[in-house]
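Trainee: Make a model of this:
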Amino acid sequence: MSYEIQEFRLPAAELEEVADFLADFVGDGELPDGSELDANPAVWSKRLSHWWTSNPFSRVDTPLGFVLRLQETNQIVGFQGFIPQDYVKGGEVIPGLISTTFFVRESQRSAALGMMMRLKRLSQRFHLVDGTPSGEVRAILDRLGFQKTGTGAQRYRIVPLVRLATLGRRENLQGFHVVLDPMEARSIPTPETSKLQKHVTREGLAWFIRSGSQPLCFAGLCDDSGRLCAYFIANTKSKFGLLSARVMESASFDADGAGLLRLANFASREPGQCGLPPKTSVVAWTSLNGGFRPDWLIRRSWSTHLYHLSPSSLRDTEKVAQPSEGDSMLL
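Mentor: Okay, here's the model as predicted:
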């Protein structure tokens with residue numbers, strides 16, 4: 001049996017064909033935890049269109065995925081998608097790709113390694129990220145030289161207790177204001193650090209918070225000129241009757257991180273004014289290596305299966321990792 005691996009780019013004429021394959025893959029029971037929603041071609045078509053055609057980081061020369069076909073019939077039997085996401089280092093923009101939806105028919109799994117080898121070759125030009133690899137794929141990523149992000153931390157604040165402790169006092173936002181839409185910020189500074197990190201743009205943030213099946217909350221702290229000084233993105237979860245907000249991405253654009261600390265403390269006291277549900281009971285701040293960690297008393301370790309591989313010229317560069325990286329918040 002012979003195969004062909006095809007790389008496709010914008011305008012992605014294969015979008016509907018790929019959507020049908022992904023839905024059939026789930027409907028046929030080849031994805032153990034697949035949902036009824038994932039068996040709907042229209043759902044995949046909407047996802048692919050958002051990842052590719054609506055994505056401000058997509059370019060005409062950006063690879064959008066690999067399609068594995070049987071040469072004899074031209075039938076799709078495998079797919080590995082990429083979601084474009086730019087990174088930045090010292091003002092230089094480095095294009096990146098987030099690996100997603102690696103589906104290969106059980107009868108053709110022997111061809112999956114060839115797709116992974118093609119993926120590694122893309123690291124010559126792109127910063128690669130995989131945040132949801134299966135156990136089998138994690139073993140391959142290790143062999144291919146991908147780096148795994150270490151354990152991070154979650155720090156908690158219980159909103160009613162914070163309000164009680166600060167009764168009669170107001171969080172000082174003098175000279176700053178909160179925006180709940182990234183497009184309300186007039187400008188975003190370029191980080192001066194030499195670390196590798198996500199490239200933050202107004203358009204990129206607006207695209208990201210519209211992604212995925214779960215609603216995301218954005219809060220940004222701007223100065224009087226409209227310059228974005230800090231921001232966070234959070235999702236919400238209800239458990240045991242308590243509504244919690246989990247911050248999965250955050251960044252500060254000042255040298256000492258004071259803006260993000262101010263925003264974090266304000267959100268933990270007044271969640272409704274920061275785009276979070278007003279009845280939020282717990283704010284959990286999640287961070288990985290190099291990320292901001294507020295000095296809150298309640299904390300626990302937090303781990304992830306986040307892998308990355310950079311072009312050779314960046315292999316020794318320290319990276320600021322975000323818990324939001326990978327495709328889990330984009331599905």
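
Trainee: going forward, measure contacts between C-alpha atoms and count neighbours the same way
Mentor: Will do.

Trainee: For residue 189, which three-state class applies?
Mentor: Three-state call for residue 189 (DSSP: H, G, I helix; E, B strand; the rest coil): coil.

Trainee: For it, grab phi and psi.
Mentor: Dihedral pair for residue 189: phi -70, psi 150, per degrees, to the nearest 10.

Trainee: From residue 199, how far out is it?
Mentor: 11 Å (Cα to Cα, to the nearest Å).

Trainee: between the two, which one's more packed in?
Mentor: Neighbour count, other Cα atoms under 10 Å: between residue 189 and residue 199, residue 199 has more, with 21 against 14.

Trainee: List phi and psi for that one.
Mentor: Torsion angles, degrees, to the nearest 10, at residue 199: phi -80, psi 120.

Trainee: Can you name the residues bridging to the residue nearest to it when sequence neighbours are not counted?
Mentor: Excluding the flanking residues, the one nearest residue 199 by Cα to Cα, 6 or more residues apart in numbering is residue 87, at 4.4 Å. Counting by DSSP bridges, residue 87 is bridged to residue 94, residue 198.

Trainee: Neighbouring strands - and their directions - for whichever strand or helix holds residue 4?
Mentor: Assigned by DSSP states H and E, residue 4 belongs to strand 3-8. Here strand 3-8 is paired, per DSSP bridges, with strand 65-70 (antiparallel).

Trainee: What's the first helix or strand after the strand it pairs with?
Mentor: Once the chain leaves strand 65-70, the next helix or strand it forms, by DSSP H and E, is strand 76-84.

Trainee: Quick one: neighbours of the closest residue to residue 331 other than its chain neighbours, just the number.
Mentor: Using Cα to Cα, 6+ apart and skipping residues adjacent in sequence, the residue nearest residue 331 is residue 212, 4.4 Å away. Other residues near residue 212 number 16, with proximity taken as other Cα under 10 Å.

Trainee: repeat for the one 3 residues further on
Mentor: The number of residues packed around residue 215, counting by other Cα under 10 Å, is 12.

Trainee: give the contact list for it.
Mentor: 209, 235-236 (Cα atoms under 8 Å, 6 or more residues apart in numbering).

Trainee: Same question for residue 31.
Mentor: residue 25.

Trainee: The one 5 residues further on too?
Mentor: Applying Cα under 8 Å, 6+ apart, we find residue 36 in contact with residue 27.

Trainee: what do you get for residue 214?
Mentor: Neighbours of residue 214 in contact, by Cα under 8 Å, 6+ apart: 235, 329.

Trainee: cool, residue 251 as well?
Mentor: 230-232, 260, 291-292.

Trainee: What score does it have for pLDDT?
Mentor: Listed pLDDT for residue 251 reads 93.

Trainee: Ok, residue 219 next?
Mentor: 98.

Trainee: all strands for the stretch 101-250 of the chain, in order.
Mentor: Using DSSP state E, counting those that start in this stretch, the strands of the stretch 101-250 of the chain run over residues 127-130, 147-148, 152-158, 176-179, 197-198, 217-223, 228-239, 242-252.

Trainee: so what does the first one touch, helix or strand wise?
Mentor: Packed against strand 127-130, as judged by 3 or more Cα pairs under 8 Å, 6 or more residues apart in numbering; DSSP states H and E, are the following elements: strand 96-104, strand 307-309.

Trainee: Which of the ones you listed sits closest to residue 322?
Mentor: Residue 322 sits nearest to strand 307-309 of all the helices and strands packed on strand 127-130, at 11.5 Å, using Cα to Cα.

Trainee: After the strand or helix carrying residue 18, which helix or strand is next?
Mentor: Assigning secondary structure by DSSP H and E places residue 18 in helix 15-27. Using DSSP H and E, the helix or strand that follows helix 15-27 in sequence is helix 41-52.
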